[in-house]
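S.K.: any chance you could fold what I've pasted below:
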Amino acid sequence: MHITDEASFFCAIGEAVNGPGGYFGAGLDGLSDCLCGGFGAKVPFTLIWKNSSVARAHLGKSPEGPDREVRVRPSSRKF
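M.R.: Residues are numbered from 1 along each chain as shown. Model prediction:
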């Protein structure tokens, strides 16, 4: 899948984590919730985003600082 806008980004990450038609957030708040666990992927997990520069160019936004690894800890919420 090619990421050309925000909607295709969230579609791609949802399918990468949870399979075809999978959901993993539809905005930054939803993505943050999903990264804490309870939405298909079991923490801890590793998400490797290859060719992120292509998506970044299409999204028109650049995160602060260089590409980096982010470690996600499970939330204290009970699911």
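S.K.: just say helix, strand or coil for the residue most central in space within the chain.
M.R.: Residue closest to the average C-alpha location in the chain (Cα atoms, centre = their mean): Ile13, at 4.9 Å. When classified by DSSP: H, G, I helix; E, B strand; the rest coil, Ile13 comes out as helix.
S.K.: which helix or strand contains the closest residue to it other than its chain neighbours?
M.R.: Using Cβ to Cβ, 6 or more residues apart in numbering and skipping the chain neighbours, the partner closest in space to Ile13 is Phe24 (4.9 Å). The way it works is simple: take the backbone N, C-alpha and C, and place the C-beta from them, glycine included. When elements are assigned from DSSP states H and E, Phe24 belongs to no helix and no strand.
S.K.: any idea of the pLDDT on Phe24?
M.R.: Residue-level confidence at Phe24 comes out at 88, pLDDT.
S.K.: give the contact list for it.
M.R.: Contact partners of Phe24, counting by Cβ atoms under 8 Å, 6 or more residues apart in numbering, are 10, 13-14, 16-18, 30-31, 34, 39-41.
S.K.: neighbours of Val17, how many?
M.R.: For Val17, the neighbour count with other Cβ atoms under 10 Å is 18.
S.K.: would you confirm that it contacts Val43?
M.R.: No - between Val17 and Val43 there is no contact under Cβ atoms under 8 Å: 11.5 Å.
S.K.: before we move on, back to that, now, which of the contacts of Phe24 sits nearest Leu59?
M.R.: Nearest to Leu59 out of these is Phe10 (Cβ to Cβ; 11.0 Å).
S.K.: pLDDT weak spots in this structure?
M.R.: 1, 37, 61-79 (pLDDT under 70).
S.K.: can you give me the helices in it?
M.R.: Counting by DSSP state H, the chain has helices at residues 6-18, 28-35, 52-59.
S.K.: deepest of those helices, which one?
M.R.: Most buried of the helices of the chain by mean neighbour count (mean count of other Cβ atoms under 10 Å) is helix 6-18; its value is a mean of 17.
S.K.: elements contacting it?
M.R.: helix 28-35, helix 52-59 (3 or more Cβ pairs under 8 Å, 6 or more residues apart in numbering; DSSP states H and E).
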